[in-house]
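Colleague: 3D model of this:
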Amino acid sequence: MRNTAFVSSLATLLLTATMLLPHASAAAALPPQTAPTAAKVVIYPAPAGQPLSSAYKVQVGGRDVPVYLQRVSPQDKTLRLNSVDDKSQYGLKYEEAGFAYFDADGPVDVTVTFSGPVTAARLLPTSPAIPVAVQGNTIRFTANSPQNLTLEVNHLLVRTLHIFMNPIETGAPSPKDANVVYLAPGTHALSAYKMPPDKSILYFGPGIHNIDNLALSDGQMVYIAGGAVVRSTIRADEPFVTDTLAGQTSKVYTKPAIAIYGTRIKIRGRGILDGLEAPGKRLLSIQGQDIGLYDVILMNSGNWFMPIFFSDRVVVSNLKILGYRANSDGIDIYSSRDVSVGGCFIRTVDDVITVKSKTQHPNAVSPTDVVSNVMVRGNRLWNETGTAMVIGTAVGADISGVTFTNNDVIRDLARGASEGINLAGTGTVSNIRFENNRIDRSGNQIDAPGASRVIYVYIQHSQWEAAADKSKALGTVRDITFSDTQVLLPPQDPKIRIDLQGASEQSDIEGVQFQNLTVNGKPLSKSNTLVNEKFAGKISGLP
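Modeller: This is a model prediction of the structure:
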């Protein structure tokens, strides 16, 4: 008779060992991998004058791939928290990482040369694991399909290399198409620009572009070509408001680099939209219907990267978002419906993906204020200080039908939770699913000793909610599911904390299911789970 208990225990031990020891060391280099079949590879030269990394060199199939320099939040936990809390600084505290991007239609050999000796290396996410071979200061691996990978060298938590392997681009416009306005590299004053009636595509060619403010309207597209870097700038007369919070004063500019207001509007391409020279200014702002954002790289936004306000039918696919400044949320879905976010890579110093709501009129809720049918699927996320996947904080109207599924939080270094709900406002949050997500908090230096706050559901007033809601009764939370979530914690402190905190008997939490959650490969138990409950009922699946 088969000893199923022994087999299950052995499987758990093997899984835990695999999760906790994923590095390849130089002393025990892996054998070379079998060379993949020849694949088509497209590499885009970096424009002259763009800062590149001196820490990493990348080759794909023996060809050089540019490695761009990227500012990231500091590894030191005190400096990292200062980088998000001190909003007057606008990103004066940072370290440097790198990223490379290319297109391929099949498996490719990738060679990375590091600037110093390599004692250990691994690719994130760790599941499914991609083996790496280390020899001297060279790291080799095979990427079998388009995906967004992160290479961690010598246990450096933040000075990483991001590798963005895109599929071969199809359906791209040509600069010679009749409906295209082609922009050569240079400085473009676009705040008063109107697309000619017979044109619908604004094409940024390879090279460096400087823009002020561009507003897109119905049926238009911005195409940012591979090898292009479009830099957001601030005009001397650009309008702004003064924001004061916790005694800190800063400028927030009222217009983004690119405004997407209307219907059937797209942004796509392989190039970069960069906000480094525009502190306090968003890169994108979206409000409309039938909007698509595909494949481009957004970096260094001076505020929220790309809020989606009061919109319907929005697709966000394979974006790469890299931010280091305070308030640089990745994607904020605000009072919108039928939104999908898939295949993206997001690393920001503030919240990564948030779903919020507010009313357009203080004393009335309209159908365009609510949130419904939002799908966040198959993304790779890096959480520096905030929350990786969250409903809230502002909930001024109902939010329902939101699913976060099959996402990898490849690094969670934050003081916030990895996934959850923070209801501040009068709306009801219901029918929310967090499922099949994988969360790595093994490098977190902020978690309190004894338990890592991975999941929360809060109902509480907040400085972030609408002013009109602060004097009203808070809303409720109903029918929430957390299922099939794998959490990786340090082996010396493998306990998660789950907070379920309602505000009152009227503003309470009801109907939360926990199914098949694991901590370092083991099911939830009293030995690895700390639960805090208040005004919460019909909770199932907790030890």
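Colleague: Name the residue closest to the centre of the protein, please.
Modeller: Geometric centre of the chain, nearest residue: I346, 2.4 Å, by CA atoms, centre = their mean.
Colleague: got the contact list for the helix or strand encompassing that one?
Modeller: Using DSSP states H and E, I346 sits within strand 345-348. Strand 345-348 has contacts (CB atoms under 8 Å, 6 or more residues apart in numbering) with 72, 148, 162, 164, 305, 319-324, 328-331, 352-353, 379-382, 384, 386. From N, CA and C alone the C-beta is placed, and that goes for glycine too.
Colleague: Helix or strand next in line after that strand, which one?
Modeller: Assignment by DSSP H and E places the next element after strand 345-348 at strand 353-357.
Colleague: Name the residues of that following strand that are buried.
Modeller: I353, T354, V355, K356, S357 (16 or more other CB atoms under 10 Å).
Colleague: How about stretch 48-68?
Modeller: 50, 53, 55-61, 65-68.
Colleague: Give me the mean pLDDT for that stretch.
Modeller: Over the span of stretch 48-68, the pLDDT mean works out to 97.
Colleague: Give me the distance from that stretch to the chain's centre.
Modeller: Centroid separation for stretch 48-68 versus its chain: 23 Å, with CA atoms, centre = their mean, to the nearest Å.
Colleague: In CSV, list the C-alpha atoms belonging to it.
Modeller: This file holds the C-alpha atoms of stretch 48-68, laid out as CSV (Å, rounded to 0.1, in the frame of the first residue of the first chain):
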residue,chain,number,x,y,z
ALA,A,48,23.1,58.4,-28.9
GLY,A,49,23.1,60.3,-25.6
GLN,A,50,20.9,57.8,-23.7
PRO,A,51,22.5,56.7,-20.4
LEU,A,52,23.4,53.0,-20.5
SER,A,53,24.4,50.6,-17.7
SER,A,54,28.1,49.9,-16.9
ALA,A,55,27.2,47.0,-14.6
TYR,A,56,25.7,44.7,-17.2
LYS,A,57,26.3,43.7,-20.8
VAL,A,58,23.8,41.5,-22.6
GLN,A,59,24.1,39.4,-25.8
VAL,A,60,21.3,37.5,-27.5
GLY,A,61,22.4,34.9,-30.0
GLY,A,62,25.9,36.5,-29.9
ARG,A,63,24.6,40.0,-30.7
ASP,A,64,24.9,43.0,-28.3
VAL,A,65,21.7,44.3,-26.8
PRO,A,66,21.7,47.8,-25.2
VAL,A,67,21.3,47.8,-21.4
TYR,A,68,19.5,51.0,-20.3
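Colleague: Please enumerate the strands of the stretch 151-300 of the chain.
Modeller: Along the stretch 151-300 of the chain, the stretches classed as strands by DSSP state E, counting those that start in this stretch are 161-166, 180-183, 186-188, 201-204, 207-211, 214-216, 221-224, 228-232, 240-245, 248-253, 258-269, 272-274, 284-294, 297-299.
Colleague: That should have said the stretch 351-500 of the chain, apologies.
Modeller: 353-357, 371-377, 380-383, 389-395, 399-405, 408-412, 419-424, 429-435, 438-440, 452-459, 477-483, 486-488, 496-501.
Colleague: by contact count, what packs against the second one?
Modeller: Translated: strand 371-377. Under the contact criterion of 3 or more CB pairs under 8 Å, 6 or more residues apart in numbering; DSSP states H and E, strand 371-377 touches strand 337-342, strand 353-357, strand 399-405.
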